[in-house]
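**Q** Here is a sequence with its predicted model. Questions after.
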Amino acid sequence: AQSVAQPEDQVNVAEGNPLTVKCTYSVSGNPYLFWYVQYPNRGLQFLLKYITGDNLVKGSYGFEAEFNKSQTSFHLKKPSALVSDSALYFCAVRPYTGGFKTIFGAGTRLFVKA
Amino acid sequence: NAGVTQTPKFRVLKTGQSMTLLCAQDMNHEYMYWYRQDPGMGLRLIHYSVGEGTTAKGEVPDGYNVSRLKKQNFLLGLESAAPSQTSVYFCASSPSGTSGSNEQFFGPGTRLTVL
């Protein structure tokens, strides 16, 4: 079965420190990979995506993600966390041949402490 | 541009009542989606549409119906609400494209409680 795993329900980091939010996936073929962020009482906002090419993808608000094909991972990273980064982060995968179905992870809550 | 808007923002229903959630987008997107978000489960696709007049079932379609009479609007209906349908509902849209690489744009959500 196709799936997306975000192994950590919550990630805690101090402001100014680097952060990583993990995502691994299990889908057939080569997928498109996405990260979305959700602030309280808001809809999801697109952060970045991997389609093809360079394994390091840069996105909004200083976030980046590294695609690792052999480990089937797409971890979200930021060199220096801000308190305002505190939110719920979702990894999503769309199989290349999967039509319109996007598989979302369960989400990871990021808490950045001042 | 307003992006994707949803009406209403909150609703409380009694078991067996019906209601319609309205989604509107002003980005001229071909594709539209309805998701439900439940704690610890991420987003699950209920129904989607690839164009005006077309709809298709997603992952969890039972108990819901949809219509896309106009390109900019996508309606989600609950004919007979059940407590299991208590959730936050999100509408999304995306540009057309055969590759599926386009990101989705989400509305602010509708919080529905069924008593």
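**A** Arrived safely.
**Q** residues from chain A in reach of chain B?
**A** Neighbours of chain B within chain A, by C-beta under 8 Å from any C-beta of the partner chain: A:4, A:9, A:32, A:34, A:36, A:41-46, A:49, A:51, A:90, A:94, A:96, A:98-102, A:104-107. Yep, even glycine has a C-beta here, placed from its N, CA and C like the rest.
**Q** Who are the contact partners of B:Leu13?
**A** B:Met19, B:Leu78, B:Ala81, B:Leu112, B:Thr113, B:Val114, B:Leu115 (C-beta atoms under 8 Å, 6 or more residues apart in numbering or on different chains).
**Q** what about 6 Å?
**A** For B:Leu13, the contact set (C-beta atoms under 6 Å, 6 or more residues apart in numbering or on different chains) comprises B:Met19, B:Ala81, B:Val114.
**Q** Which residue, neighbours along the chain excluded, lies closest to it?
**A** Leaving aside its sequence neighbours, B:Leu13 sits nearest to B:Ala81 (C-beta to C-beta, 6 or more residues apart in numbering or on different chains; 4.5 Å).
**Q** Could you check how far A:Ala87 is from B:Gly109?
**A** 14 Å (C-beta to C-beta, to the nearest Å).
**Q** Could you check which of these two is surrounded by more residues?
**A** More neighbours surround B:Gly109 than the other of A:Ala87 and B:Gly109, with 22 against 19 (other C-beta atoms under 10 Å in any protein chain shown).
**Q** Count the neighbours of the closest residue to B:Leu78 other than its chain neighbours for me.
**A** Using C-beta to C-beta, 6+ apart and skipping residues adjacent in sequence, the residue nearest B:Leu78 is B:Met19, 5.5 Å away. The local packing of B:Met19 (other C-beta under 10 Å) involves 16 other residues.
**Q** ok, the residue minimising distance to the centre of chain B - contacts?
**A** In chain B, the residue lying closest to the centroid (C-alpha atoms, centre = their mean) is B:Trp34, at 2.5 Å. Contact analysis of B:Trp34 by C-beta under 6 Å, 6+ apart lists B:Ile46, B:His47, B:Leu76, B:Cys91.
**Q** Other residues contacting stretch A:89-104?
**A** Contacting residues not belonging to stretch A:89-104 are listed as A:2, A:4, A:6, A:21, A:23, A:25, A:27, A:29-37, A:105, A:107-108, A:110, B:42-43, B:48, B:100 [C-beta under 6 Å, 6+ apart].
**Q** repeat for stretch A:24-44
**A** A:2-5, A:45-51, A:65, A:72-74, A:76, A:87-97, B:90, B:101, B:106-109.
**Q** if we can go back for a sec, got the contacts of B:Leu13 as JSON lines, with pLDDT and secondary structure columns?
**A** Listed next are the contacts of B:Leu13 as JSON lines, based on pLDDT from 0 to 100; DSSP: H, G, I helix; E, B strand; the rest coil:
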{"residue": "B:Met19", "pLDDT": "95", "secondary structure": "strand"}
{"residue": "B:Ala81", "pLDDT": "96", "secondary structure": "coil"}
{"residue": "B:Val114", "pLDDT": "97", "secondary structure": "strand"}
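**Q** List the contacts of A:Arg79.
**A** If you look again at residue A:79, you'll see it is Pro, not Arg. By C-beta under 6 Å, 6+ apart, the residues touching A:Pro79 are A:Pro18.
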